[in-house]
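In: coords please:
(chains A, B, C and D, ligands or ions: 4)
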2 protein chains.
Amino acid sequence: MTSTVAEENYIKTIFHLQEDVSLVSTNEVASYLNTSAASVTDMLKKLKLKRLVAYEKYKGFKLTSEGKKQALTIVRKHRLWEAFLVNKLQFRWDEVHEIAEQLEHIQSKKLVDKLDEFLGYPKFDPHGDPIPDSNGKMYEQIQTSLAEMNIHESGEISAIGNQSTALLELLTHNNIQIGTKLVIHAVFSFDKSMEIKIPNAPLFIISYELAKHLFVKKVGYDPKNSS
Amino acid sequence: MTSTVAEENYIKTIFHLQEDVSLVSTNEVASYLNTSAASVTDMLKKLKLKRLVAYEKYKGFKLTSEGKKQALTIVRKHRLWEAFLVNKLQFRWDEVHEIAEQLEHIQSKKLVDKLDEFLGYPKFDPHGDPIPDSNGKMYEQIQTSLAEMNIHESGEISAIGNQSTALLELLTHNNIQIGTKLVIHAVFSFDKSMEIKIPNAPLFIISYELAKHLFVKKVGYDPKNSS
DNA sequence: ATTTTATTTTAGACAAATCTAAATTTTATT
DNA sequence: AATAAAATTTAGATTTGTCTAAAATAAAAT
Ligand SMILES: [Mn+2]
Ligand SMILES: [Mn+2]
Ligand SMILES: [Mn+2]
Ligand SMILES: [Mn+2]
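Out: Ligands and ions are numbered 1, 2, ... in the order given. As a prediction, the model looks like this:
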């Protein structure tokens, strides 16, 4: 019924990988978890036996609905703990992922629900990722990478696609955080860098590399009028 | 350098058992941890190799100073998390031990110290047990079991030596909690039961079984005058 | 001082999670 | 369609933490 820490890490990994594609491969999981393909195959057999993944050898795999349900409770715990660390204990958001990787495996439904209540039922974690509620429901992220946006479009930073201290340093330097509104003033084809405007600051340029890791909720932009 | 969860559980167990006696035995640890004596011997070899216990076969064992230091950080985490669960998340004190058994193994010095600060540097956990500070120092518990006290002595409940829901139920019924002041009005030799007085309640009788599990800080009682 | 009992350790086995190397299957390339 | 390359699985080990049963040692009882 309950899963080990190792099993939970595989379940969560498959969950994240299958957000993009319908079937996940052995090697994808192996490289994500820094483990060998052989170990992944071993674990898949175990998870199949527990009916948490749908798996046929050589064919790829995905979570069953029970597997997805378990994944959502792990993701819920991970993000709630991250919110706790940042909102209550004053950690920076680049410090919390590692600790949440441990805390997400604590087993106690009551603890999670009380933590959720204590935090005021937050809908998003410090990186802008949605937190599943106790039924596994969470907000959709209707957002695009800033790198894919065009000149004159505007939006609001909704998530950060990388949790490194190096990225935080750059964002802090430029006064960018989740919730910051921006308008794209120019896009330079040479290096795909962008000139953007944010409130209370002069225009400045950000690299394509940076733009790729910033996710934006578009505003003032009606898809019906976009021909 | 860092220890596994299993190792930490042995270290903590030896720490608690050696509070009473100078040398701990294999069987004591085995029965405390509900494991076999053979497993304890196996683990002792490992802990000896890591220089965390002083152990000679057939002779008993105790923690080295490094072992004690590690034990204190585990106890610190355990009790701080219990304080968090009760003081911030509104758990009852009979619900928190199991969860703290998991949380005490989370590895992050910074987390523990921030948690301590967030809680306002509590000196005692919800069961009245002292919380080591970040240097491993903690208040001495100058307390005796209520069962060992005599008629006319008075004191204040400082710790509960058992964390069962059944005990909490009885204490709640009698309006006893940590901090409650009491005076012993009578001790009945037949069954060692005691008649006690607490503020705002009539005299009532408690069993020897209960008294054994209540720890009391004596007050208004000067040992110099006790002939 | 023997003998009996209790305690502790050793021997050997097992499950979980991992690995490397070899075998198999699938996919891509000529 | 045959062959080469890539991906995946299997075979066989290894480490950690556990177990039972047997052997060794220590403690208690006669
Ligand atoms: Mn994270
Ligand atoms: Mn996050
Ligand atoms: Mn406890
Ligand atoms: Mn406690």
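In: Below-threshold pLDDT in chain A: ranges please.
Out: A:219-227 (pLDDT under 70).
In: if I look at the residue nearest in space to the middle of chain A, how far off is residue B:120?
Out: The residue lying closest to the centre of chain A (Cα atoms, centre = their mean) is residue A:129, at 5.0 Å. Relative to residue B:120, residue A:129 is positioned 31 Å away (Cβ to Cβ, to the nearest Å). (C-beta placed from N, C-alpha, C; glycine too.)
In: and what of residue A:175?
Out: 33 Å.
In: now residue A:160
Out: For residue A:160, the distance to residue B:120 - Cβ to Cβ - is 32 Å.
In: Equivalent analysis for residue A:74, please.
Out: 31 Å.
In: same deal with residue A:185?
Out: In terms of Cβ to Cβ, residue A:185 sits 48 Å off from residue B:120.
In: what about these two, which has more around it?
Out: More neighbours surround residue A:185 than the other of residue A:185 and residue B:120, with 14 against 9 (other Cβ atoms under 10 Å in any protein chain shown).
In: Which residues are in contact with the more buried one?
Out: Contacts for residue A:185 were tallied using Cβ atoms under 8 Å, 6 or more residues apart in numbering or on different chains; they are A:151, A:152, A:195, A:196, A:197, A:203.
In: thinking the third one is in contact with residue A:211, fair?
Out: No - here residue A:195 lies out of contact with residue A:211, judged by Cβ atoms under 8 Å, at a distance of 11.1 Å.
In: So what does residue A:6 have for phi and psi?
Out: phi -60, psi -50 (degrees, to the nearest 10).
In: do the same with residue A:156
Out: Dihedral angles for residue A:156 - degrees, to the nearest 10 - are phi -140, psi 130.
In: cool, residue A:217 as well?
Out: According to degrees, to the nearest 10, residue A:217 has phi -90, psi 120.
In: Let's verify the residue lying closest to it once chain neighbours are set aside: helix, strand, or coil?
Out: In this structure, residue A:217 finds its nearest non-sequential neighbour in residue A:158, 4.3 Å apart by Cβ to Cβ, 6 or more residues apart in numbering or on different chains. With DSSP: H, G, I helix; E, B strand; the rest coil as the basis, residue A:158 sits in strand.
In: Quick one: residues contacting residue A:158.
Out: Taking Cβ under 8 Å, 6+ apart, we find residue A:158 in contact with A:128, A:141, A:143, A:178, A:215, A:216, A:217.
In: go on, residue A:112?
Out: So residue A:112 contacts A:73, A:76, A:77, A:80, A:134 (Cβ under 8 Å, 6+ apart).
In: quick one on the thing from earlier: now do the residue nearest to residue A:217 against DNA strand C, distance only.
Out: Separation of residue A:158 from DNA strand C (Cβ to the nearest atom of the strand, to the nearest Å): 33 Å.
In: Next, the contact list for the closest residue to residue A:90 other than its chain neighbours, please.
Out: Excluding the flanking residues, the one nearest residue A:90 by Cβ to Cβ, 6+ apart is residue B:114, at 6.8 Å. Residue B:114 makes contact with A:89, A:90, A:91 under the criterion Cβ under 8 Å, 6+ apart.
In: How about residue A:26?
Out: Residue A:26 sits next to A:37, A:40, A:41, A:44 when contact means Cβ under 8 Å, 6+ apart.
In: nearest to residue B:105, of those?
Out: residue A:40 (26.0 Å; Cβ to Cβ).
In: May I ask which helix or strand encompasses that closest one?
Out: Secondary structure assigned from DSSP states H and E places residue A:40 in helix A:37-49.
In: What helices and strands are in contact with that helix?
Out: With contacts taken as 3 or more Cβ pairs under 8 Å, 6 or more residues apart in numbering or on different chains; DSSP states H and E, helix A:37-49 sits against helix A:5-17, helix A:26-32, strand A:53-55.
In: For it, which outside residues touch it?
Out: A:6-7, A:10-11, A:26-27, A:29-30, A:33, A:53-55, A:57, A:61, A:67.
In: Nearest to DNA strand C among those?
Out: residue A:6 (3.8 Å; Cβ to the nearest atom of the strand).
In: Distance-wise, check that closest one relative to residue B:156.
Out: 48 Å.
In: all strands in chain A, in order from the N-terminus.
Out: For chain A, the strands defined by DSSP state E cover A:53-55, A:61-63, A:144-145, A:154-160, A:181-188, A:193-197, A:204-206, A:214-219.
In: Which among the ones you listed is found nearest to residue A:100?
Out: Nearest of the strands of chain A (Cβ to Cβ): strand A:154-160, 14.9 Å.
In: can you give me the angle the lengthiest helix in chain A makes with helix A:37-49?
Out: Of all the segments of type helix in chain A, defined by DSSP state H, the longest one is helix A:65-87. Taking axes from the mean of the first three to the mean of the last three Cα atoms, to 10 degrees, helix A:65-87 and helix A:37-49 form an angle of 110 degrees between their directions.
In: For helix A:65-87, C-alpha coordinates in CSV please.
Out: Below are the C-alpha coordinates for helix A:65-87, written out as CSV (Å, rounded to 0.1, in the frame of the first residue of the first chain):
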residue,chain,number,x,y,z
SER,A,65,-4.3,6.5,-12.3
GLU,A,66,-3.3,5.2,-8.9
GLY,A,67,0.3,6.1,-9.7
LYS,A,68,-0.7,9.6,-10.7
LYS,A,69,-2.7,9.9,-7.5
GLN,A,70,0.4,9.0,-5.4
ALA,A,71,2.6,11.3,-7.5
LEU,A,72,0.2,14.2,-6.8
THR,A,73,0.4,13.7,-3.0
ILE,A,74,4.2,13.7,-3.2
VAL,A,75,4.3,16.9,-5.3
ARG,A,76,1.8,18.4,-2.9
LYS,A,77,4.0,17.7,0.0
HIS,A,78,7.1,18.9,-1.8
ARG,A,79,5.6,22.3,-2.8
LEU,A,80,3.9,22.9,0.6
TRP,A,81,7.2,22.3,2.4
GLU,A,82,8.9,24.7,0.0
ALA,A,83,6.2,27.3,0.7
PHE,A,84,6.7,26.7,4.5
LEU,A,85,10.5,27.1,4.2
VAL,A,86,10.2,30.3,2.2
ASN,A,87,7.1,31.9,3.8
